[in-house]
Structures are given as C-alpha cells and as structure tokens.
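S.K.: with the input below, show me the fold.
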Amino acid sequence: MKNIIISFIIIFSSSLSYASESVKLDKAPIDLDDKISLQRGARNFVNYCLNCHSASYMRYNRLTDIGLTDELIENNLLFTSDKVGNPMEISMINSDAKKWFGAAPPNLSVTARSRGADWIYSYLRSFYRDPTRTMGWNNTVYKNSAMPHILWELQGEQHFNNVTNNLKLETPGTLSPEEYDQFVGDITNYMVFMSEPGQQKRRQIGYYVLAFLFLLLILTINLKKEYWKNIK
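M.R.: Numbering: from 1, shown residues only. As a prediction, the model looks like this:
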C-alpha cells in the first residue's frame, strides 16, 4: 500500500511539473457531429499527413461513418492501398525515415488521445522560420521538432519574436489566417474521430442505457410501493 501511494505521488508530481512547463494551447474547434468538417479533415489528412505518418489502427472503410461511400473513398482517398478495408499505412520504411528526418514519424492513429486535440491544433498553427534548424523550421508548442512545416505554403511564414514571445505572420500563404485555422481545425477534428471512431455510437448507446435505467428505476419504485402499501 505504501509503494502504491509513493508511486501515485511521483506520477502526480510529474504531471504537475509537465503542466507548469507546457505552453498555452488554443482551444480546438471539435464537433464530431459536423460530418462536413470530418470529411474535409479526412481529405486534408490523407493529402498532407499520410505521406509520412501512418495511421495503421484506422481502416479506410471506417470513413463511411462520416458520410462517405466506398466509391468516394476509393476514387478520392485511397492512395496508399488498393482496398477500402485496408488500414491507413504508408510505404516509407522507418530506417529511411530516421535517415531523412532524424526520427521516424509517429503513428497518428491515437495521437488525439495521447496528446489532446488542443495540442494538435496549436502545434499545426505554431511553426515559424528558424535558420538554425536543418529543416529551417521550429515550433513553439514542440520545440526542435523534427517535422518540417509541410503546410507552410497554405499558412505562409511566421517569425518568432523573442522579446514578446509571440508569432507574427511575415509572408502570407495561399490561405487567409481564418481559412488556415479552419483547415487545421478540420484535420484536428478528423484525428479526434480517428482516435476512437465508435465513440459517437457508444455515447448514443449510453444515452439509451441511461434512459432505460431511469425508466426501470421508476417502475421499481412503484413496484416497491405496491408491495408495501398494506404493511404498516
């Protein structure tokens, strides 16, 4: 029991230390009922993220849950496989990735659960030019990240002010800041869905279960009253 308490204190202290050192994150616009956003997010994810990052715990046919048909998936999103029932994998070998990037890009299947939606949303909006880095980019959320800013043409080039600790857009991209925020928000929304595709259905079932239990409680109370009404 003593060892369990000590372990809990260590874990709790570590989490507090991590939270105190972490940067302020922006609120991600998550709405898993917004099928259009999820569809845009799936398109953005496949076109920009799935080139280097795999999502092998997610199968293409689960995209039917967000309103896409097998035909739409096959014609527009199936670039790394030949069957809609296959997982979202990539052909890049980890050893090559380490050679090119210094580290193998992580599997993104459950990143939304491990990092959180706000972290992903803030991270994709916090790249800035850094000539000291090999790739020429750095990030205020994840300092010295090995990932280059693959969305820089859309966002433009930001620069970091060491005095004010703020980012400033110096060179505009092809999207306006508002459009880019929506673009990243859609990717984040999709990654939250991808991390647990069945959560919406699970919640719906949960509501039905709660409603049934509430109805059962009423019936049970009335049944008890009926049994005990003649007993004083």
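S.K.: can you pull out the helices in this protein?
M.R.: Ranges of helices within the chain are 2-21, 35-44, 70-76, 94-101, 111-114, 117-123, 152-155, 177-195, 199-228, based on DSSP state H.
S.K.: out of these, which gets nearest to residue 141?
M.R.: For the helices of the chain, the distance to residue 141 is smallest for helix 117-123, at 4.4 Å, taking C-beta to C-beta. Bear in mind the C-beta positions are built from the backbone N, C-alpha and C, glycine included.
S.K.: pLDDT (mean, whole number) over that closest one?
M.R.: The pLDDT scores in helix 117-123 average 97.
S.K.: list the helices and strands that helix packs on?
M.R.: helix 177-195 (3 or more C-beta pairs under 8 Å, 6 or more residues apart in numbering; DSSP states H and E).
S.K.: pull the CA atoms of the helix it packs on into CSV?
M.R.: Extracted C-alpha coordinates of helix 177-195, given in CSV (Å, rounded to 0.1, in the frame of the first residue of the first chain):
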residue,chain,number,x,y,z
PRO,A,177,-5.4,33.1,-41.3
GLU,A,178,-9.1,32.3,-40.8
GLU,A,179,-9.1,29.8,-43.7
TYR,A,180,-5.9,28.2,-42.4
ASP,A,181,-7.4,27.9,-38.9
GLN,A,182,-10.4,26.1,-40.3
PHE,A,183,-8.1,23.8,-42.4
VAL,A,184,-6.1,22.8,-39.3
GLY,A,185,-9.3,22.6,-37.2
ASP,A,186,-10.8,20.1,-39.7
ILE,A,187,-7.6,17.9,-39.6
THR,A,188,-7.8,18.0,-35.8
ASN,A,189,-11.5,17.2,-35.8
TYR,A,190,-10.8,14.2,-38.0
MET,A,191,-7.9,13.0,-35.9
VAL,A,192,-10.2,13.1,-32.8
PHE,A,193,-12.7,10.9,-34.7
MET,A,194,-9.9,8.6,-36.0
SER,A,195,-8.6,8.1,-32.4
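S.K.: show me what counts as buried in that helix.
M.R.: Using 16 or more other C-beta atoms under 10 Å as the test for burial, helix 177-195 gives 180-181, 183-195.
S.K.: got it, and stretch 201-215?
M.R.: In stretch 201-215, counting by 16+ other C-beta under 10 Å, buried: nothing.
S.K.: touching, residue 49 and residue 187? I think so.
M.R.: Yes: assessed by C-beta atoms under 8 Å, residue 49 is found in contact with residue 187 at 7.1 Å.
S.K.: still on that earlier bit, so for residue 64, which of the helices of the chain sits nearest?
M.R.: That would be, of the helices of the chain and by C-beta to C-beta, helix 70-76, which comes in at 6.9 Å.
S.K.: could I get the average pLDDT for that closest one?
M.R.: 92.
S.K.: only the buried residues of it, if you could.
M.R.: Here helix 70-76 shows residue 73 as buried, counting by 16+ other C-beta under 10 Å.
S.K.: what's next to that helix, contact-wise?
M.R.: The set of residues external to helix 70-76 that reach it, using C-beta atoms under 8 Å, 6 or more residues apart in numbering, is 43, 60-61, 63-64, 84.
S.K.: with residue 50 as the reference, measure out to the closest residue to residue 148 other than its chain neighbours.
M.R.: The shortest distance from residue 148 to any non-neighbouring residue, by C-beta to C-beta, 6 or more residues apart in numbering, is to residue 135 (4.1 Å). Using C-beta to C-beta, to the nearest Å, residue 135 is found at 19 Å from residue 50.
S.K.: could you check which of these two has the larger neighbour count?
M.R.: Neighbours per residue (other C-beta atoms under 10 Å) separate residue 135 from residue 50, with residue 50 holding more: 19 against 14.
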